[in-house]
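Student: next come a sequence and a model predicted from it.
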Amino acid sequence: MERNDKKTHKIALSVLIFVLTVVVTVVAGYLKKWNNTELISNTVFVMMGTCVVLFLHAFSYEHKLYDYDNEVHFTRFVLLWVLSLAFAVTCSFIPVDGWPFLVVYLCFALFGNMAIGIASGSVILLLTVLLTGEGISAFLLYFLCGIICVSLFYKLDQNYKIGVPLVVSILCLILGLTAGVVLYANEKLSLELFMIPFINVFVSIILMIGVLKLFSTIYIYRYRVKYLEINDPEFPLQANWKQTNRKKYYQAMHTAYFCDRIANRLGLDAEAAKAAGYYQHIGSLKGSEGWEDTKSVCEEYDFPPAVRQILREALDKQWEVTLKETAVLILSDGVISAILYLIEKQPDTKPDYDQIVDTVFKNKLNSGIFSKCKITLEEICVMEKIFKEEKLYYDFLR
């Protein structure tokens, strides 16, 4: 029922987008003094492009292809579309070499996905080109730069490495403006000719940095405080667990240590992996270590979605393991559990740690549990090497 309500809400917003786009196109066309033929033909082109964008949204929703958490924030996209329509009309009153269109493509990609970013940015660009009467070269200039920008910023992760994508995107814009505008100008080259492209580049940099800052605030670092809270050994949930089951508590501490270290080495979401290491067995406070009781704890303490997904893949037998962080959790828990078990059973004998690591990895890999996982053989080898380097740490467990 809830999903049906969401679909109905999304359909209503999609109709709003379509109607508003048509109205803006027609009104702007009158302001630009389009004749009847131009008005009909240009409006049809914009309508077709808008339908493509809405189809991509519907397809992404049904097949869960949105990036980040954009599936549940379609209203945010609607607001962005409205602002972009105003942006398109505004750009129609300034020279073609002054359109800061990179930020439009970037916004739609960050708050949709790669396909939606390219399609949406291109429809808004098409509207501007039609309103100005510029040729195909103007469209291709910003279209190609937009595709490059969207590709470079595809799926920003917790490491938030934006330096190289930003520089390359701006360099492509400079190259495109030079080749597509300046070299084809019907006047002698001068510093004044480069003034508007320079302003375009400067404004594009400022706007892109602003959008990326906003995006990092509402997504990349949104759960930073929450991770600091739940990964703190003094967090009430951990303190309660320590009093209830000290054995499982300390096992979780060691598992979280390896999850954190390995995830950092592999460039994964270390905070989420560490939290999953801490709370993989926390469901025992509710009665069992299965997913349902663990899920109850996650909801009660409002765990970040990334932690919930890792825990569900690790605990719910109906779900397949797809995340690399889940593989890190499963292997870390397996190695720590095996070592602690042997230390408890044979306290006077020093275990062969390398053999334990080899056995755990062999059993987990042969079980087929990682058949759908994105982790590579090279990354598994790195993990195995890290476990074998920690012999002093294992001695500390004794």
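Tutor: Alright, I've got the coordinates.
Student: just the endpoints, please. Distance across stretch 315-322?
Tutor: 13 Å (CA to CA, to the nearest Å).
Student: please identify the buried residues of it?
Tutor: Leu315, Val321 (16 or more other CB atoms under 10 Å). Using the backbone N, CA and C atoms, a C-beta is placed for each residue, glycine as well.
Student: ok, stretch 285-301 next?
Tutor: For stretch 285-301, burial by neighbour count (16+ other CB under 10 Å) applies to Leu285, Trp291, Asp293, Thr294, Lys295, Val297, Cys298.
Student: try stretch 235-246
Tutor: Buried residues in stretch 235-246 (16+ other CB under 10 Å): Leu237, Gln238, Trp241, Asn245.
Student: on that earlier part again, and the buried residues of stretch 285-301, which is closest to Pro197?
Tutor: Cys298 (51.1 Å; CB to CB).
Student: now tabulate the buried residues of stretch 285-301 in TSV and tack on secondary structure.
Tutor: As requested, these are exported to TSV (DSSP: H, G, I helix; E, B strand; the rest coil):
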residue	secondary structure
Leu285	helix
Trp291	helix
Asp293	helix
Thr294	helix
Lys295	helix
Val297	helix
Cys298	helix
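Student: now those residues in JSON lines, with distance to Phe258 and pLDDT?
Tutor: Converted to JSON lines, the buried residues of stretch 285-301 look like this (distance: CB to CB, whole Å; pLDDT from 0 to 100):
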{"residue": "Leu285", "distance to Phe258": "23", "pLDDT": "80"}
{"residue": "Trp291", "distance to Phe258": "22", "pLDDT": "88"}
{"residue": "Asp293", "distance to Phe258": "24", "pLDDT": "88"}
{"residue": "Thr294", "distance to Phe258": "20", "pLDDT": "89"}
{"residue": "Lys295", "distance to Phe258": "24", "pLDDT": "90"}
{"residue": "Val297", "distance to Phe258": "22", "pLDDT": "88"}
{"residue": "Cys298", "distance to Phe258": "21", "pLDDT": "89"}
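Student: quick check: the farthest pair among those?
Tutor: Every pair of the buried residues of stretch 285-301 checked by CB to CB; the farthest is Leu285 and Trp291, at 14.2 Å.
Student: excluding chain neighbours, what is closest to His254?
Tutor: Here the nearest residue to His254 in space, its sequence neighbours aside, is Ile336; by CB to CB, 6 or more residues apart in numbering that works out to 4.8 Å.
Student: give me phi/psi at the one you found?
Tutor: phi -60, psi -40 (degrees, to the nearest 10).
Student: roughly how far does Met253 sit from Gln238?
Tutor: The spacing between Met253 and Gln238, counted by CB to CB, to the nearest Å, is 9 Å.
Student: mutual contacts of the two, please.
Tutor: Residues touching both Met253 and Gln238 (CB atoms under 8 Å, 6 or more residues apart in numbering): Tyr278.
Student: for this structure, which spans come out with low pLDDT?
Tutor: Scanning the chain for pLDDT under 70 picks out 1-5, 157-160, 181-190, 394, 397-398.
Student: starting at the chain centroid, how far to the lengthiest helix in it?
Tutor: When the chain is scanned for its longest helix (criterion: DSSP state H), the result is helix 2-31. Put simply, helix 2-31 sits 26 Å off its chain's centre (CA atoms, centre = their mean, to the nearest Å).
Student: go through it and flag the buried ones.
Tutor: Buried-residue list, helix 2-31, by 16+ other CB under 10 Å: Lys10, Leu13, Ser14, Ile17, Thr21, Val24, Thr25, Val26, Ala28, Gly29.
Student: which among these gets closest to Leu80?
Tutor: Nearest member of the buried residues of helix 2-31 to Leu80, counting by CB to CB, is Ile17, at 10.4 Å.
Student: if I look at the closest one, how far off is Val123?
Tutor: Counting by CB to CB - Ile17 and Val123 are separated by 10 Å.
Student: joint contacts of those two?
Tutor: Joint contacts of Ile17 and Val123 (CB under 8 Å, 6+ apart) are Thr50, Val53.
Student: could I get the buried residue list for the host helix or strand of Leu342?
Tutor: Using DSSP states H and E, Leu342 falls within helix 324-345. Buried residues in helix 324-345, counted by 16+ other CB under 10 Å: 324-336, 338-340, 342-343.
Student: and the angle from whichever helix or strand comes after it to helix 324-345?
Tutor: Next helix or strand after helix 324-345 toward the C-terminus (DSSP H and E): helix 353-366. Using axes from the mean of the first three to the mean of the last three CA atoms, to 10 degrees, one finds that helix 353-366 and helix 324-345 are set 130 degrees apart in direction.
Student: next helix or strand past helix 353-366?
Tutor: Next along from helix 353-366, by DSSP H and E: helix 377-388.
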